[in-house]
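>>> sequence and predicted structure are below.
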Amino acid sequence: MLDQRKRTIQEAETYIQTHLSLVNPEYRPAFHAVAPVGWINDPNGFCWFHGQYHLFGQYHPYSAKWGPMHWGHWVSPDLIHWEWAGVAMAPDQEYDQAGVFSGTALIENDVLIVMYTGVSLSPDGRLIQQQCIARSKDGYHFEKDPRNPVIRSEDLPADVPADDFRDPKLFRTPDGYRAIMAARNAAGGELLVYSSQDLASWKLAGTCTEGISRMLECPDYHRIDGKDLLVFCAIGLPEAPGHFPSPHTAVYMTGSMNDQYTAFQGISPEAVDMGLNFYAPQAADTPDGCILTSWMPGPGGTIPTDDLGHQWAGCMVLPRQLHIREDRLYQKPVEAVRKLRRNKISIHQVMEPDQPFIGSHGKCFEWELKLKADHSVRMELFRSEGNGFLVTWDPASGMLTMDRNGCGHDMSGKAPERVTAHLFTPGNAITLNIFVDTCTVELFANEGERVMSANVYPKGNTYTWAILSDGQFEITGDCYELAATTEV
């Protein structure tokens, strides 16, 4: 049951300050955006404003579990050095007292405008989700529009329930504004498009896409490399091993939006990330290109930092720069992460069958490798107490596999512990750029044609890694320690 007692920003800030000393930092990431205390999920309002990056996120400060949503806030000069900037919005109005849910940002006339979902409960206990506007002149302090909600539950088609109507993607068009938002009808999930001339009066203008799963959420839309990109999360996808990692998957479609910005035509959906933990991605058009971030761990599994009483849960992924090549989305880690490299070790070696290549690693490191092999190659990280975190590449089938079974604290719940991805360009050589940050593993294969992200909560304080194969293989590349950057 949602708590719809109004809460203020000051109340949240006071709670944060009085509970900081209770946080256990054992698994806290060193260069990912993470809240000082409490729960985070979807990134919101991601943008470049007044010379720095602003990233907001769904935030419940009062426990390490999901609860009445606030917007937490980080700022960064480079997408790697994240500083916590406090609570930006709280559920303090009648229309959002059960939660300030997800939304997006638009910069106009030197003002940061955000559109978000305000959640309330009807007198008979029904969930009501409506769309709201807030503005900030400095990027830190927001004023909610007195005309909120600007898109009300009464504005919905008759077959669309008000309890699944959320996550507006706001953008400017030549004739005004559009907002793409998640909804569902009797046939399944759909993305509705509303139009406006003034951000206050809105009307239903079309259906962006539909018929993919039982519910869609967290839509995002950008134009990259001459192609339109539509991203959203699909709930209830049919099983497709090697293509969708779970029934709750962030997917993309490349193609084109129509001239009225009301409908999208594109290729069949592909997963944005094929790993164990990735959900609700949001991108921003910035001086560094189109940059995407997302929430880890995503829905469905257990979260060890909550189970262990560490007083925090969740982080954002390492931001990625997006490109489109031959209708496929490519992702690469932002260049600023190279600033963190320390103590380079270069590798060039031909390994014999069942001869492991072994080394030790700390909590934060990067691999930049090229492998050549005709047989399956296994890479184990966090080898300590029990099994390690396993990445397997099979050149014969063109498959990459992540397997967390038995590695550290259990995260399974309803989520998978092993996922497999088909490579688009199989062969007997692969490039891998792997980043490890305390409780995160993020793998970029073949210049970002496939990306796999996962959380892992290993036991022990010192770890080894090993790379081995049943056949001969060649390994070339570099390994780096990575420095910490996150500030609270």
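In hand now; what should we look at?

>>> for stretch 196-209, which outside residues touch it?
With Cβ atoms under 8 Å, 6 or more residues apart in numbering as the test, stretch 196-209 has contacts from 113, 131, 133, 145, 147, 150-151, 155, 157, 175-180, 190-195, 216, 219, 230, 232, 253, 257, 260, 262-264, 266. Where C-beta positions appear, they are placed from N, C-alpha and C, glycine not excepted.

>>> which members of those are classed as buried?
Applying 16 or more other Cβ atoms under 10 Å to the contacts of stretch 196-209, the neighbour count classes 113, 131, 133, 150-151, 155, 177-180, 190-195, 216, 219, 230, 232, 253, 257, 262-264, 266 as buried.

>>> tell me the contacts of Ala373?
Ala373 sits in contact with 393, 395, 428, 469, 471-474, where contact means Cβ under 8 Å, 6+ apart.

>>> just send these back as JSON lines, with pLDDT and distance to His19 too.
Below are these laid out as JSON lines (pLDDT from 0 to 100; distance: Cβ to Cβ, whole Å):
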{"residue": "Trp393", "pLDDT": "97", "distance to His19": "43"}
{"residue": "Pro395", "pLDDT": "97", "distance to His19": "50"}
{"residue": "Asn428", "pLDDT": "96", "distance to His19": "53"}
{"residue": "Ser469", "pLDDT": "95", "distance to His19": "48"}
{"residue": "Gly471", "pLDDT": "94", "distance to His19": "53"}
{"residue": "Gln472", "pLDDT": "94", "distance to His19": "55"}
{"residue": "Phe473", "pLDDT": "95", "distance to His19": "49"}
{"residue": "Glu474", "pLDDT": "96", "distance to His19": "51"}
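
>>> which one of those is nearest Trp74?
Trp393 (34.1 Å; Cβ to Cβ).

>>> just give the nearest non-adjacent residue to the closest one, would you?
Closest residue to Trp393 apart from its sequence neighbours, by Cβ to Cβ, 6 or more residues apart in numbering: Val377 at 5.0 Å.

>>> the one you found contacts Asp470, doesn't it?
No: with contact defined as Cβ atoms under 8 Å, Val377 does not count as touching Asp470 (9.0 Å).

>>> which of the two has more residues huddled nearby?
Val377 (24 against 13; other Cβ atoms under 10 Å).

>>> for Ser469, see how far away that one is.
Applying Cβ to Cβ, to the nearest Å, the value for Val377 to Ser469 is 5 Å.

>>> please apply the same query to Leu308.
Relative to Ser469, and taking Cβ to Cβ, Leu308 is found at 36 Å.

>>> would you mind telling me which of those two has the busier surroundings?
Ser469 (25 against 14).

>>> state the distance from Phe435 to Trp295.
Counting by Cβ to Cβ - Phe435 and Trp295 are separated by 17 Å.

>>> tell me which helix or strand of this protein sits lowest on mean pLDDT?
strand 357-361 (a mean of 88; mean pLDDT, DSSP states H and E).

>>> what residues does that strand touch?
Residues contacting strand 357-361 (Cβ under 8 Å, 6+ apart): 345, 347, 349, 351, 381, 436, 462-468, 475, 479.

>>> who does it pair up with?
strand 463-469 (antiparallel) (DSSP bridges).

>>> tell me where the stretch 201-350 of the chain has strands.
All strands of the stretch 201-350 of the chain, identified by DSSP state E, counting those that start in this stretch, fall at 202-210, 215-224, 227-235, 248-257, 264-266, 270-271, 279-286, 289-296, 312-313, 315-316, 320-325, 328-333, 341-351.

>>> nearest to Gly300, out of the contacts of Ala373: which one, please.
Of the contacts of Ala373, the one sitting nearest to Gly300 (Cβ to Cβ) turns out to be Trp393, at 25.9 Å.

>>> check which helix or strand covers that closest one.
strand 389-394 (DSSP states H and E).

>>> what packs against that strand?
strand 377-383, strand 399-403, strand 429-437 (3 or more Cβ pairs under 8 Å, 6 or more residues apart in numbering; DSSP states H and E).

>>> which outside residues touch that strand?
So strand 389-394 is contacted by 371, 373, 376-382, 399-404, 407-408, 430, 432, 434, 441, 443, 454, 456, 458 (Cβ under 8 Å, 6+ apart).

>>> now those: which count as buried?
371, 373, 376-382, 399-404, 407-408, 430, 432, 434, 441, 443, 454, 456, 458.

>>> and the gap between the residue of the chain most remote from its centre and Gly362?
In the chain, the residue that sits farthest from the middle, by Cα atoms, centre = their mean, is Glu352; the gap is 38.9 Å. The spacing between Glu352 and Gly362, counted by Cβ to Cβ, is 28 Å.

>>> how about His409, secondary structure?
coil (DSSP: H, G, I helix; E, B strand; the rest coil).

>>> tell me who's in contact with it.
Shown in contact with His409 (Cβ under 8 Å, 6+ apart): 304, 307-308, 457, 459.

>>> Gly448 is in contact with Ser425, correct?
Just so we're on the same page, residue 425 is Thr rather than Ser. No: counting by Cβ under 8 Å, Thr425 stays clear of Gly448, with 11.6 Å between them.

>>> please say which of these two ends up with more neighbours.
The neighbour count for Thr425 versus Gly448, taken as other Cβ under 10 Å, is higher for Gly448 (20 against 13).

>>> just checking, what packs against the helix or strand where Ala85 lies?
Assigned by DSSP H and E, Ala85 falls within strand 83-89. Other elements packing on strand 83-89 under the criterion 3+ Cβ pairs under 8 Å, 6+ apart are helix 9-19, strand 52-60, strand 70-76.

>>> how about low-confidence regions in this structure?
Residues of the chain meeting the criterion pLDDT under 70: 1-4, 385-386, 414, 486-488.

>>> state the distance from the residue nearest in space to the middle of it to Met257.
The residue lying closest to the centre of the chain (Cα atoms, centre = their mean) is Ser294, at 1.3 Å. Noted for Ser294: a distance of 22 Å to Met257, by Cβ to Cβ.
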